[in-house]
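>>> Sequence plus the predicted model coming up.
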Amino acid sequence: MSAYGQGMTQDDMMAKDMVILVDDNDEIIGNASKVASHTFSKKNPRGQLHRAFSVFLFNEEGKLLLQQRADDKITFPAVWTNTCCSHPLHGYDPSEVDSPKDVASGKVPGVKNAAIRKLEHELGINPNDLEHADFKFLTRLHYWAADVVTHGKKAPWGEHEVDYILFIKKNVTFKANPEEVMDTKYVTLPELQKMMKKKDLLWSPWFRIIAEQFLVHWWKDLDATLTTDRFVDVTTIHRFDPTAEHMGGAGNASTYLGTAASPYAATGAAAPAAPAAKIGNAALKQGSYGKVKIHKHSKLSQLSHIDEVFSALWLQYGGGAMENQIDLKDENAHFCDDMLNKVSRSFAAVIHQLPKGLCMDILIFYLALRALDTIEDDMEFFKADNSVKIKHLQDFYKVGLVTDGWHMDGVGLGDERTLLENYHKCVAVFKTLSPASQEVIADITKRMGAGMASYVEKDLGQGTVDIPAYNLYCHYVAGLVGEGLSRLFTCTGYESAEVEKVAKTIANTTGVFLQKTNIIRDYLEDYVDGRTFWPQSIWKKYTKTDDLGELAQPENRGQALACLNHMITDALTCAPESLEFMSLLHTEEVFRFCAIPQVMAIATLADLYNNPKVFTGVVKIRKGMAAQLILDTKTTGGLHKWFNIMARRILKNVPKNDPSAADTRKICKEIIAITDKEAQTAIAGAWAQVVTFLAVIGIVFSAYKLFALDALKQVGSFTLNGSIFTAFTNVAKHGAAADCCDCKAVYFVILIACAVHVLGYSVVSAGRKNTLKKATF
């Protein structure tokens, strides 16, 4: 691989290098070319906020290496600045993208990869002479500056960056690249301060901020800065507007961030103790999960849906919780259950409630597929030789799945790595399953591993080629899961042979439906990770370039939403077959196991539809809604109810001019037609439950009032002054001051009416046919 920048002009790099766009909290929202991100205009007065880094390289004498940027640089040419300042890039190998967890840990491997790349490019420093451990990440700086000094008052160029500060102390051999660097100079702190007082020297705006606010404190005790965390602050982003000389530009930008006080201003010298570094969310998985913003609903939004709040409380503390059927006495089974809870809390609950003769089979099936997925997703361990990964994927069904003592070290992250390192415990439990279940699990892992292996060396940076390729990928990673589950349901005796007959058709579709939903939701997350699945035959209809990332740019929001709606419409075409498959299930626990992910998927699609937040992060449904969906999936009516509600919600939100509007309306109406009868019955039943609850309260209330009036002992001994309507009117008008007979009559009517309703509801409920039966073994 040739060195970065070889044979490229400044214009080439501005056009081809893709910087990482972030929001004010340094959460990734996309990427853009250097040209687009550094252009100051009326539309983007400060360009687009992106990540950058600034390296401060000191020699063993403690002198700082400065550089003067070349005259040919497009932004801020000929200015003096720190050793090296540039940008981590999207889509580079090794990756230059850091997750919140990387930042919180202080490791920032992506930024350090970028720094090593640019130190070679600008100063000719051999990358083999530099290691990640040589660099100390101190903090981040958010600033902007228009390059009006170079390009005049209406300058079209500038910087708007979240700048990562890296310190390094090392003697290096360097030779400046004249296309990047005009001059270099090692200086002491006093020499630097003297230079900065010279009026004939220009200084970069970012370096001036750092030098005036931070550098004197970091440099004063350089060894402490480099060897301790005394000056490390991984949580704060220090924000600064530029000095007046760098305001303006083509967008006429003015005060925006204000000027943060130096964190060391109070003492004038030593820094305060650094706050403890937050290691990040331990639940974050490998891949790019956690590298982009997660759009969660606010607490106010959650609390405003009272029915969902009640559902969440009932699920957590009431009778809605699902009991764990796993036998935890065996050490290996206990490990498997513990790993299930850690790698997938959402699936853990629905697996736990399965009948005892099935739950362990499904648990091991899930962990086997999770192990395969972890091997497939690890983009670092196998990068030296993809053939090793391919071999592991292809052979897992006959090696890792069945070999006593088998485990794999160093692959994956967090809990997934722990799973692989101790997989021999899963093997032990696998061998206790029935031969029929073992056969199903081995067959599916064999075919899924082969499918995953076929994609290892495919370039998925811009998605799959077309819809057939997209569907095939979804089949390999999720459709096969649907097939395997349907076969397990049958071979364990919990469902009929009819379910196994559709294993390769509509059971496959149920899995594809879930996978397509996840792929749509994870657009930005997958794109940041460089491995996307949106088919080019769809998204290229909505872009001007061959870059899927174009959809994430704010100026392309209209086309992006049209593309999103097209993708969702495609996913919705799976819903009719998913509902058909669900109609074949007759065991309540099995039905619920399948129904919960299905209603979550349709609710997620309704939340994603025409939602611009898809292009700035990962959209999640409300937790209260999730609880409500879980509680409502015990019957076919509950399933149909939510498919009906969500299809109607999407239908209501279809934009008139959306290119896919006709197809979206057609599939939504088809889903509504399939589910309407059961849905309306379920909705009526839900309201009847509410009325019954109120009726019970009415019985208690009216009985209490009648006892208070001593009326129960005097039944028939009082007469009305008029009609019962008049009695109600008098009680409503006069309250406690109303005639005693009127009050007694009103409470008797309420008591009888409520009792009749409760009795009627009980009779109707008892007579209602339920096609689902609880498992008896």
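Yep, that arrived.
>>> okay, CA-based contacts and neighbour counts for the rest of this
Fine.
>>> Tell me what the spatially most central residue of the chain is bridged to.
The structure's the chain has its C-alpha centroid closest to residue 618; by C-alpha atoms, centre = their mean the separation is 4.1 Å. Residue 618 forms beta bridges with residue 294, as assigned by DSSP bridges.
>>> Are there helices or strands packed against the lengthiest helix in the chain, and which ones?
The single longest helix within the chain, with elements called by DSSP state H, is helix 661-708. Judged by 3 or more C-alpha pairs under 8 Å, 6 or more residues apart in numbering; DSSP states H and E, helix 661-708 is in contact with helix 557-572, helix 575-582, helix 636-652, helix 740-767.
>>> the inter-axis angle of it versus helix 557-572?
In terms of direction (axes from the mean of the first three to the mean of the last three C-alpha atoms, to 10 degrees), helix 661-708 departs from helix 557-572 by 70 degrees.
>>> Just the mean pLDDT for helix 661-708, thanks.
The average pLDDT within helix 661-708 is 86.
>>> As a check, name the ranges of all helices in the stretch 201-350 of the chain.
205-210, 216-220, 222-227, 299-303, 306-317, 331-343, 345-352 (DSSP state H, counting those that start in this stretch).
>>> same question for the first one, mean pLDDT?
So the one you mean is helix 205-210. 92.
>>> again, but for the last one
Per-residue pLDDT values over helix 345-352 give a mean of 79.
>>> Put the alpha carbons of it into PDB.
In PDB, the C-alpha atoms belonging to helix 345-352 read as follows (Å, rounded to 0.1, in the frame of the first residue of the first chain):
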ATOM      1  CA  ARG A 345     -31.100  -8.700  27.300                       C
ATOM      2  CA  SER A 346     -33.900  -8.400  24.900                       C
ATOM      3  CA  PHE A 347     -33.800 -12.000  23.700                       C
ATOM      4  CA  ALA A 348     -33.000 -13.300  27.200                       C
ATOM      5  CA  ALA A 349     -36.500 -12.600  28.500                       C
ATOM      6  CA  VAL A 350     -38.300 -14.200  25.600                       C
ATOM      7  CA  ILE A 351     -36.100 -17.300  25.600                       C
ATOM      8  CA  HIS A 352     -36.500 -17.700  29.400                       C
END
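>>> neighbouring contacts of the helix or strand following that helix?
Counting by DSSP states H and E, the element after helix 345-352 in chain order, helix or strand, is helix 356-377. Helix 356-377 has contacts (C-alpha atoms under 8 Å, 6 or more residues apart in numbering) with 286-287, 325-326, 336-337, 340, 351-353, 389, 392-393, 396, 401, 411-412, 416-417, 419-420, 426, 429-430, 433, 437, 441, 445, 449, 452-453, 456, 485, 488-489, 492, 777.
>>> ok, now stretch 604-615?
Stretch 604-615 is contacted by residues 29-30, 295, 517, 521-524, 551-552, 557, 560-562, 564-565, 568, 619-621, 646-647, 649-650, 653-654 when judged by C-alpha under 8 Å, 6+ apart.
>>> Mind giving me the ChimeraX command for buried ones among the residues you listed?
Per 16 or more other C-alpha atoms under 10 Å, the buried members of the contacts of stretch 604-615 correspond to this ChimeraX selection:
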select :29,30,517,521,522,523,524,551,552,557,560,561,562,564,565,568,619,620,621,646,647,649,650,654
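>>> coming back round to it: run the angle between the longest helix of the chain and helix 636-652 for me.
Using the same axes, to 10 degrees: helix 661-708 against helix 636-652 is 130 degrees.
>>> give me the low-pLDDT residue ranges for the stretch 201-350 of the chain?
259-292, 297-299, 301-325, 345-346 (pLDDT under 70).
>>> now with 90?
Low-confidence segments of the stretch 201-350 of the chain (pLDDT under 90): 212-213, 221, 230, 235-236, 239-247, 251-330, 341-350.
>>> Need the pLDDT of the residue nearest to the centre of the chain.
86.
>>> What of residue 451?
At residue 451, pLDDT is 93.
>>> what's near enough to touch it?
Counted by C-alpha under 8 Å, 6+ apart, residue 451 has contacts 473, 476-477.
>>> Serialize the helices and strands packed on helix 661-708 to TSV and add fields for distance to residue 116 and mean pLDDT.
Output for the helices and strands packed on helix 661-708, formatted as TSV (distance: least, C-alpha to C-alpha, whole Å; pLDDT from 0 to 100):
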stretch	distance to residue 116	mean pLDDT
helix 557-572	35	96
helix 575-582	49	96
helix 636-652	49	94
helix 740-767	71	73
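>>> is it possible to export those to JSON lines including distance to residue 79?
Output for the helices and strands packed on helix 661-708, formatted as JSON lines (distance: least, C-alpha to C-alpha, whole Å):
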{"stretch": "helix 557-572", "distance to residue 79": "37"}
{"stretch": "helix 575-582", "distance to residue 79": "60"}
{"stretch": "helix 636-652", "distance to residue 79": "55"}
{"stretch": "helix 740-767", "distance to residue 79": "81"}
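>>> So residue 109 sits against residue 134, correct?
No. Taking C-alpha atoms under 8 Å as the definition, residue 109 is not a contact partner of residue 134, at 11.7 Å.
>>> More neighbours: the two, which one.
residue 109 (21 against 14; other C-alpha atoms under 10 Å).
>>> Enumerate every residue touching the more buried one.
96, 98, 102, 132.
>>> go again using 10 Å as the cut-off
Contacts of residue 109 were listed using C-alpha atoms under 10 Å, 6 or more residues apart in numbering, and they are 94-99, 102-103, 115, 132-133, 135, 137.
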